[in-house]
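>>> Sequence plus the predicted model coming up.
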Amino acid sequence: MAIKTQTMNKPVMNTQSLIRQAIACFNQNDPQQGKALLQRAADAGSAAAVLYYADILFKEDRLAAYKYLGQQWQRGVKGTLHRRALLRCFFDKQNSYTNDELFSDLHEEAIDGDIQSIVALISVMQSADVSRYYCALLQQFSPELAQQLLHASYTVQEASVTSTELSQAFSTGLQGWQQFNCEKINSDIGLVVAKAALTDIECRYMMLRFSSLLQPSQIVDPVSGTAKQNPYRTGSMVAIVPEYLDWIALGIELKMSAFAGFARQNGEVMNLIHYDVQQRYLPHFDAIVGDTSTLSSQLRNGGQRQLTVLAYLNTVSAGGETSFPKLGIKVPAQAGDMLMFRNIDAAGKLLQASYHAGEPVQAGEKWLLSKWVRQGVTDYGTFAYG
Ligand SMILES: O=C(O)CCC(=O)C(=O)O
Ligand SMILES: [Fe+2]
């Protein structure tokens, strides 16, 4: 009982503990109390509580959330304008914002030294010359990251541009998200490549940010339905779970859904995959096949895997293609290219020609992202995108 007395005597102004209590309230279906606790933590100066509160508010009233985040920025809470841009760009189903609003939120945060906002701006505007302005900012605020992401050096002096030019380049960059340079390769399985769909920054950022989280790759065992290591598939991977969904990862998810034409709610979690020399994924189907008892449990989460979308993050100089042995096709892994194909036909029947492999890497390494898309809404899709 001593412990209890102690906590009762001590006023709980530890904001971490308030947030934990708030989470418990949300889990116990007491959102009013949860929100009150978050507000206390926010008033006590916790930026994490402010952002969390805004996310909760967004689900009830998105305009109120935008207003709240703007007010918190005025109070000096960092990261709030970045979060507002993120909510608007990736989660606002009514599109109640302008590109100028997105831009000015990210720009304000960027000049204040927010690395995430600087990276977001560079990524959107990469092809525009004026993006040098933000490259120089990144170099100023985080020289090490600048070196790894940009592979070039910039100085602030060489990049004096007007905010109108920057804003226009940002808008043009955003429009480019929905435009793809497509090459149709095979119509039996709708095999299409979008050349250079991801920017260099997106590719490098994903490798840099998530490489330390890689774990040996696994395959879902068709008998038990659980994921296990299997000699069929070597290499390593990490699932980009909702808590990792930052601007860059969200942008890539959006590009994948725009390119392959699916609702983001139907996607499984995106995986980052890495193969070292000699590592590979032997020929397989992505569609769920197996005996009927385990099939039904796996199919419960959104139905069959209708589509596969891959995005190569680096160029493999030898080997490492995605091959389709029944079609005699090998797609080379080239940085920024996205690939899509169908695993089932319109009637839901397995497409035999979708049988494919990740060929052994012969030189260097291979990095890619993969997304399997179900016929319906998945748990991941619901959690991440509502
Ligand atoms: O590595 C590749 O090219 C293919 C990956 C793959 O087939 C998968 O992740 O399902
Ligand atoms: Fe596959």
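Received it, and whenever you're ready, just let me know what you need. Ligands and ions are numbered 1, 2, ... in the order given.
>>> Identify the residue of the chain closest to ligand 1, quick one.
With C-beta to the nearest ligand atom, the shortest gap between the chain and ligand 1 falls at G358, namely 2.5 Å. Where C-beta positions appear, they are placed from N, C-alpha and C, glycine not excepted.
>>> ok, the closest residue to E183 other than its chain neighbours - contacts?
Counting by C-beta to C-beta, 6 or more residues apart in numbering, the nearest residue to E183 once its immediate chain neighbours are dropped is V193, at 4.8 Å. For V193, the contacting residues are C182, E183, I185, V331, D337, M338, L339, by C-beta atoms under 8 Å, 6 or more residues apart in numbering.
>>> show me where pLDDT drops low in the stretch 51-200 of the chain?
Low-confidence segments of the stretch 51-200 of the chain, defined by pLDDT under 70, span residues 155-159.
>>> Show the residue spans covered by the helices in it.
Taking DSSP state H, counting those that start in this stretch, the helices of the stretch 51-200 of the chain run over residues 62-74, 80-91, 99-111, 115-125, 132-141, 143-150, 163-176, 200-210.
>>> Mind giving me the packing neighbours of the first one?
Pointing back at helix 62-74 there. Helix 62-74 sits against helix 47-60, helix 80-91, with contacts defined as 3 or more C-beta pairs under 8 Å, 6 or more residues apart in numbering; DSSP states H and E.
>>> deepest of those helices, which one?
Taking mean count of other C-beta atoms under 10 Å as the contact definition, the stretch among those with the greatest mean neighbour count is helix 80-91, which reaches a mean of 23.
>>> May I have that helix as CSV, with CA atoms only?
Coordinates of each C-alpha in helix 80-91 appear next as CSV, following Å, rounded to 0.1, in the frame of the first residue of the first chain:
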residue,chain,number,x,y,z
THR,A,80,2.4,21.8,-34.6
LEU,A,81,2.5,23.4,-38.1
HIS,A,82,4.3,20.3,-39.5
ARG,A,83,1.5,18.2,-38.0
ARG,A,84,-1.1,20.4,-39.5
ALA,A,85,0.4,20.1,-43.0
LEU,A,86,0.6,16.4,-42.5
LEU,A,87,-3.0,16.0,-41.5
ARG,A,88,-4.2,18.2,-44.3
CYS,A,89,-2.1,16.6,-47.0
PHE,A,90,-2.6,12.9,-46.1
PHE,A,91,-5.7,12.6,-44.1
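>>> Please work out the angle formed by the directions of that helix and helix 115-125.
Going by axes from the mean of the first three to the mean of the last three C-alpha atoms, to 10 degrees, helix 80-91 is angled at 40 degrees with respect to helix 115-125.
>>> Can you name every helix or strand that helix 80-91 contacts?
Applying 3+ C-beta pairs under 8 Å, 6+ apart, we find helix 80-91 packed against helix 47-60, helix 62-74, helix 99-111, helix 115-125, helix 247-260.
>>> I'd like these as JSON lines, with distance to ligand 1 appended.
Converted to JSON lines, the helices and strands packed on helix 80-91 look like this (distance: least, C-beta to the nearest ligand atom, whole Å):
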{"stretch": "helix 47-60", "distance to ligand 1": "31"}
{"stretch": "helix 62-74", "distance to ligand 1": "35"}
{"stretch": "helix 99-111", "distance to ligand 1": "32"}
{"stretch": "helix 115-125", "distance to ligand 1": "24"}
{"stretch": "helix 247-260", "distance to ligand 1": "13"}
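>>> what's the most buried one of the ones you listed?
For these, ranked by mean neighbour count under the definition mean count of other C-beta under 10 Å, the leader is helix 115-125 at a mean of 25.
>>> what residues does that one touch?
Around helix 115-125, the neighbours that count as contacts under C-beta under 8 Å, 6+ apart are 79, 81-82, 85, 103, 105-107, 109-110, 131, 134-135, 137-138, 141-142, 145, 149-150, 166, 169-170, 172-174, 177, 199, 201-202, 205, 246-248, 251.
>>> Between helix 99-111 and that helix, find me the angle.
For helix 115-125 and helix 99-111, the angle between their directions (the same axes, to 10 degrees) works out to 130 degrees.
>>> still on that earlier bit, any idea which of the helices and strands packed on helix 80-91 gets closest to G225?
Proximity of those to G225 was assessed by C-beta to C-beta; the nearest stretch is helix 247-260, lying at 25.8 Å.
>>> For that closest one, output the C-alpha coordinates as CSV.
Coordinates of the C-alpha atoms in helix 247-260 are reproduced here as CSV (Å, rounded to 0.1, in the frame of the first residue of the first chain):
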residue,chain,number,x,y,z
TRP,A,247,5.9,12.8,-44.4
ILE,A,248,8.2,10.8,-46.6
ALA,A,249,6.6,7.4,-45.9
LEU,A,250,3.1,8.8,-46.2
GLY,A,251,4.1,10.4,-49.5
ILE,A,252,5.3,7.1,-50.8
GLU,A,253,2.1,5.3,-49.7
LEU,A,254,0.1,8.0,-51.5
LYS,A,255,2.2,7.6,-54.7
MET,A,256,1.7,3.8,-54.6
SER,A,257,-2.0,4.1,-54.3
ALA,A,258,-2.2,6.7,-57.1
PHE,A,259,0.0,4.7,-59.4
ALA,A,260,-1.7,1.3,-58.8
